[in-house]
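Colleague: predicted model, plus sequence, below.
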Amino acid sequence: MTNAAAETTPAIEAFNLTKVYGSGNTEVVAMKDVSLTVARGEVVALLGPSGAGKSTLLTAIGLINPPTAGRIVIGGQPVMEADRALVDLRAFRRQHLGFIFQKSNLIPFLNAAENVQVALEINDVLPRRARERAMELLDYLGVADRANNLPDALSGGQQQRVAVARALANEPSLILADEPTAALDSQRGRQVMELFRKVAHERGAAVMVVTHDHRALDVFDRHFEMEDGRLKNGTEQPQN
Amino acid sequence: MNLATKDIRHNFGRFALTTVGIGLLLMIVMGMGGIYRGLIREATLLVDKIGADLWLVQGSTRGPFAEISRVPANLEDRARAVPGVAGARRFVSHTIQREHRGRPLRMVVQGLSWPEDRGAWIPLVAGRPLRQAHFEMIADRSLGLPLGEKLKLGKDVYEVVGLTKGMVGTGGDGLCFLTVSDAASIQFDVPGEGVRLERQARRARAEGQDIGQMQPLLLERAAGPASGIPALAPAQVSAVMVTLQPGADAAQVAATFATWPDITVYSTQQQINLLLAGMVDKARRQLGLFRALLIIISTIIMALIIYTLTLDKIHDIAMLKLMGARNGVIVGLILQQAVLIGALGYGLAYWLGTFAFPKFPRLVVIETPDLLSLAAIVLGISVLSSLLGIWKAMSVEPNKVLS
């Protein structure tokens, strides 16, 4: 693939994703025939009521909860065919994906810088370079002054910023965020959402965010809405 | 970045307490091994130091270290006549318990074959060997008798003229060395009334037989000291120790003694083997079983602790997996902690042991091969105990982060 082709290749292509839990009388269809495409540098929201299947879709695309049927292509590379992995999932996640959750999920025995550094070292970056890169990211996200603090000494917003830094560490082509602002007040929640937009536009990563927070929808390029496991058509967000 | 040490730093209190607990358990395991070694050393100390090449014991017995053995004292004279024999000494040894200065005093009375043996071979830390045939003794320090101390044993008073250190019998009681005749006096001491009753009984027995009625002089002798009736009072000792001439063929000399039907001959090594097989073997097996149990208990405790530590980190492990961490990173985190707990516990056990073991009532001998084998065992149980935690960590799915 040439550089130009790479630029135009969608970050995510999902085809007819279906997820069924259980079987027989206990069968639950959590996601049904979901198809979508997200471009590089695009920040999209995934909306819908509880139980609509948003997190199921996100974790399927995140390669941590394989679909029962369907196909997932990330950055032009087919990665899942139904529940069959076409790549080494762990290595693929390490190199191409970044995750952010409602809780920051920072490792409590590592300080802020180490939490970012560990993601880099896992990806075989040498410790010194990993440390430098971690500090750059913390600086970029405005929490460099808290680099040596353990997570429990950080505010919720600071923890989420460190989690974002960790998700960005290996320059992923896709960042997946599951209700990242649910534990934050509206102002800090909006700051985080704007951060995603900044990251997507400045670094060319696609960002998919599951959210209930309709107050910050203007931050997103597009939003998708799910209901009863199905995806309604993607909606283009008018740019400000 | 070493995740194991970062986690330990974060949970230092719990890690330290765990290590101390494991260290104390390992100290007991180490001590058990040391007690076993000490038992062997104490049991074989006398046989090793006494410098005999061959032991002549009562026929068909396994010698004084395994069972009662009685041979006539004059066996030493017969032994000296055998070609290749440089010397022969009587061996008398028995344990007594008396009261001295208001406290119980338990000691092994060891006879020295005066005048050939004055105790010159005994390693003294103070005083001197014996200089006279009676009423002097060399005592081990563990008996708490200072030089010059006078001690009444039987009807006589003995003065401590020399002190040893660490010379104990097979039961761990301190040794005291006296001449064979003094040792026998102590062993066969009978109160005055007992002596009088025995003399009367002897006279009565003689009167009831033809020889007593026909020879009145014999009746008079029977009522007197036993030494006046040599035929009735053969001197007996436990064994006779033979020292060979330089260059003598031990096997050939032993073969000569083996033809004597009234005795059995053993080499020193055979005596040691009999001693260990008899007296020490059960203790060895008991201590061995106890050690095995302690090692199993240590493994279970370590496994539970490592498992609990892993459970505490299960969410973080899921996060690491989600980030794409290889299994080696996660296994390393758990295994390194287990090995560190084991290694530090082992070091702590050794360090505490250097203070505690010398205070034990029995000798505790920690030998390098035992330390090395225990280190290997600790490494083994560290790895083994981490398996449960590793299994748990490996079975965690990355989507556990979402729960």
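Modeller: Great, that's in hand. Numbering: from 1, shown residues only, chains lettered A, B, ... in the order given.
Colleague: can you name the residue of chain B nearest to chain A?
Modeller: As assessed by CB to the nearest CB, chain A sits closest to B:G324 within chain B, at 2.5 Å. Yep, even glycine has a C-beta here, placed from its N, CA and C like the rest.
Colleague: who's in contact with the nearest residue to that residue once chain neighbours are set aside?
Modeller: Spatially, and ignoring its direct neighbours in sequence, B:G324 is nearest to A:R94 (2.5 Å; CB to CB, 6 or more residues apart in numbering or on different chains). A:R94 is in contact with A:122-123, A:170, B:323-325, counting by CB atoms under 8 Å, 6 or more residues apart in numbering or on different chains.
Colleague: swap in A:E179?
Modeller: Taking CB under 8 Å, 6+ apart, we find A:E179 in contact with A:101-102, A:210-212.
Colleague: where along chain A do the strands fall?
Modeller: A:12-21, A:28-38, A:43-47, A:69-74, A:77-81, A:84-85, A:97-100, A:174-178, A:206-210, A:222-227, A:230-231, A:235-236 (DSSP state E).
Colleague: tell me the contacts of residue 44?
Modeller: No chain was given, so I picked chain A. A:38, A:206-209, A:220-224, A:234.
Colleague: hm, I was asking about chain B
Modeller: Neighbours of B:T44 in contact, by CB under 8 Å, 6+ apart: B:272, B:275-276.
Colleague: possible to save those as TSV with secondary structure and distance to B:T368?
Modeller: Compiled in TSV, those are given as follows (DSSP: H, G, I helix; E, B strand; the rest coil; distance: CB to CB, whole Å):
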residue	secondary structure	distance to B:T368
B:I272	helix	22
B:L275	helix	24
B:L276	helix	21
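Colleague: select from those residues the one having the most neighbours.
Modeller: B:L275 (22 neighbours; other CB atoms under 10 Å in any protein chain shown).
Colleague: distance of that residue from B:P83?
Modeller: Going from B:L275 to B:P83 by CB to CB, to the nearest Å gives 29 Å.
Colleague: again, but for B:M302
Modeller: Taking CB to CB, one finds B:M302 at 63 Å from B:P83.
Colleague: what's around the residue nearest to B:V331 when sequence neighbours are not counted, how many residues?
Modeller: Spatial nearest neighbour of B:V331, excluding adjacent residues (CB to CB, 6+ apart): B:I390 at 5.5 Å. Using other CB under 10 Å, B:I390 has 21 other residues around it.
Colleague: go ahead and confirm B:I390 touches B:L335.
Modeller: Yes: in this structure, B:I390 is within contact of B:L335 by CB atoms under 8 Å, at 6.9 Å.
Colleague: run through the residues that contact B:V161.
Modeller: B:127-131, B:136-138, B:147.
Colleague: can I get the residues you listed in JSON lines including secondary structure and pLDDT?
Modeller: Output for the contacts of B:V161, formatted as JSON lines (DSSP: H, G, I helix; E, B strand; the rest coil; pLDDT from 0 to 100):
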{"residue": "B:G127", "secondary structure": "strand", "pLDDT": "93"}
{"residue": "B:R128", "secondary structure": "coil", "pLDDT": "94"}
{"residue": "B:P129", "secondary structure": "coil", "pLDDT": "93"}
{"residue": "B:L130", "secondary structure": "coil", "pLDDT": "93"}
{"residue": "B:R131", "secondary structure": "coil", "pLDDT": "93"}
{"residue": "B:E136", "secondary structure": "strand", "pLDDT": "94"}
{"residue": "B:M137", "secondary structure": "strand", "pLDDT": "94"}
{"residue": "B:I138", "secondary structure": "strand", "pLDDT": "95"}
{"residue": "B:L147", "secondary structure": "coil", "pLDDT": "93"}
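Colleague: between those residues, which is nearest A:P67?
Modeller: For the contacts of B:V161, the minimum distance to A:P67 (CB to CB) is 90.3 Å, reached by B:I138.
Colleague: for the residue lying closest to that closest one once chain neighbours are set aside, helix, strand, or coil?
Modeller: Excluding the flanking residues, the one nearest B:I138 by CB to CB, 6+ apart is B:G162, at 3.7 Å. Of the three states, B:G162 takes strand according to DSSP: H, G, I helix; E, B strand; the rest coil.
Colleague: tell me the bridge partners for B:G162.
Modeller: B:G127, B:I138 (DSSP bridges).
Colleague: report pLDDT for it.
Modeller: Per-residue confidence (pLDDT) for B:G162: 95.
Colleague: OK, contacts around it?
Modeller: By CB under 8 Å, 6+ apart, B:G162 lies in contact with B:119, B:122, B:124, B:126-130, B:138-139, B:147, B:177.
Colleague: for ChimeraX, write the select line for the buried members of those.
Modeller: The buried residues among the contacts of B:G162 can be selected in ChimeraX (16 or more other CB atoms under 10 Å in any protein chain shown) with this line:
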select /B:119,122,124,127,129,130,138,139,177
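Colleague: can you lay out the contacts of B:G162 as CSV showing distance to B:A4?
Modeller: Below are the contacts of B:G162 laid out as CSV (distance: CB to CB, whole Å):
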residue, distance to B:A4
B:G119, 60
B:I122, 55
B:L124, 55
B:A126, 54
B:G127, 58
B:R128, 61
B:P129, 61
B:L130, 64
B:I138, 58
B:A139, 56
B:L147, 58
B:F177, 58
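Colleague: before we move on, back to that, doesn't the residue of chain B closest to chain A lie inside a helix?
Modeller: No: with three-state DSSP as the criterion, B:G324 is assigned coil and is not in a helix.
Colleague: tell me which stretches of the stretch 151-300 of chain B form helices.
Modeller: All helices of the stretch 151-300 of chain B, identified by DSSP state H, counting those that start in this stretch, fall at B:180-187, B:192-207, B:210-214, B:216-222, B:250-258, B:268-275, B:281-312.
Colleague: please identify the most buried of the ones you listed.
Modeller: Each of the helices of the stretch 151-300 of chain B was scored by mean neighbour count; the highest is helix B:180-187, a mean of 21, by mean count of other CB atoms under 10 Å in any protein chain shown.
Colleague: what helices or strands is it leaning on?
Modeller: Applying 3 or more CB pairs under 8 Å, 6 or more residues apart in numbering or on different chains; DSSP states H and E, one finds that helix B:180-187 contacts strand B:93-100, strand B:103-112, strand B:156-164.
Colleague: show me what that helix is in contact with.
Modeller: B:73, B:90, B:92-94, B:96, B:109-114, B:133-135, B:137, B:153-156, B:158, B:178, B:235, B:237.
Colleague: which ones, among those, also lie beside chain A?
Modeller: Among the contacts of helix B:180-187, no residue is within reach of chain A (CB under 8 Å from any CB of the partner chain).
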